[in-house]
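>>> Here's my sequence, what's the structure:
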Amino acid sequence: MIGRFCAILGGIALTWTSVAFGLLLFSARTHGRPGIREAKGKVLRIEQALNQYSLDRGRCPAKRANLIEGGYLREKDLVDPWGRAIEYLCSDNEVRVYSAGPDGVAGTCDDVKNEH
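Model (predicted):
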């Protein structure tokens, strides 16, 4: 009876160890990649700049240069850590900002975007 109980506990411990290891690997693959944290910060700054621009001027900027010329962002703020432009969509109803992430392909699991 005790042997069976120990075997069950061992199985439970092994299962939880496997789950924890899987979560650790997933976290390392998505959040531990170089540049992800920097990209998230830039996406947030761009979102804030777009919202502030819209509040100040009553409309979204017509082009990226408006954000720079108006002092809302610097040119380097609009480039992700992998050297590509961070894209955005600004309308009366929503602001979406995203980087294609390390792989450079939009719409894949490594994209960095504002999540609201």
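
>>> Look up the closest residue to residue 89, ignoring the ones flanking it.
residue 96 (4.5 Å; CB to CB, 6 or more residues apart in numbering). The way it works is simple: take the backbone N, C-alpha and C, and place the C-beta from them, glycine included.

>>> Report the buried residues of the helix or strand containing the one you found.
If you go by DSSP states H and E, residue 96 is part of strand 95-99. For strand 95-99, the neighbour count (16 or more other CB atoms under 10 Å) marks 95, 97, 98, 99 as buried.

>>> domains for the protein, by residue range?
1-30, 36-113 (automatic domain parsing).

>>> I'd like the average pLDDT over the last one.
The one in question is domain 36-113. The pLDDT scores in domain 36-113 average 96.

>>> returning to that earlier point: which one of the domains of the chain has the most crowded surroundings?
Of these, the one with the most neighbours on average (mean count of other CB atoms under 10 Å) is domain 36-113, at a mean of 15.

>>> first to last residue in that domain, what's the distance?
11 Å (CA to CA, to the nearest Å).

>>> so where do the strands sit in the chain?
87-90, 95-99, 112-113 (DSSP state E).

>>> What pairs with the shortest one, parallel or antiparallel?
The strands beside strand 112-113 in its sheet (DSSP bridges) come out as strand 95-99 (antiparallel).

>>> For the strand it pairs with, output the C-alpha coordinates as CSV.
Extracted in CSV, the C-alpha atoms of strand 95-99 (Å, rounded to 0.1, in the frame of the first residue of the first chain):
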residue,chain,number,x,y,z
VAL,A,95,-4.5,52.5,-31.9
ARG,A,96,-2.6,49.4,-32.9
VAL,A,97,1.2,49.2,-32.7
TYR,A,98,3.3,46.2,-33.6
SER,A,99,6.7,44.9,-34.4
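
>>> Please tell me how far it is from the chain's geometric centre.
9 Å (CA atoms, centre = their mean, to the nearest Å).

>>> Could you tell me what pLDDT the model assigned to residue 21?
Taking residue 21 on its own, its pLDDT is 43.

>>> Need the distance between the two termini of stretch 59-78.
Stretch 59-78: ends 19 Å apart by CA to CA.
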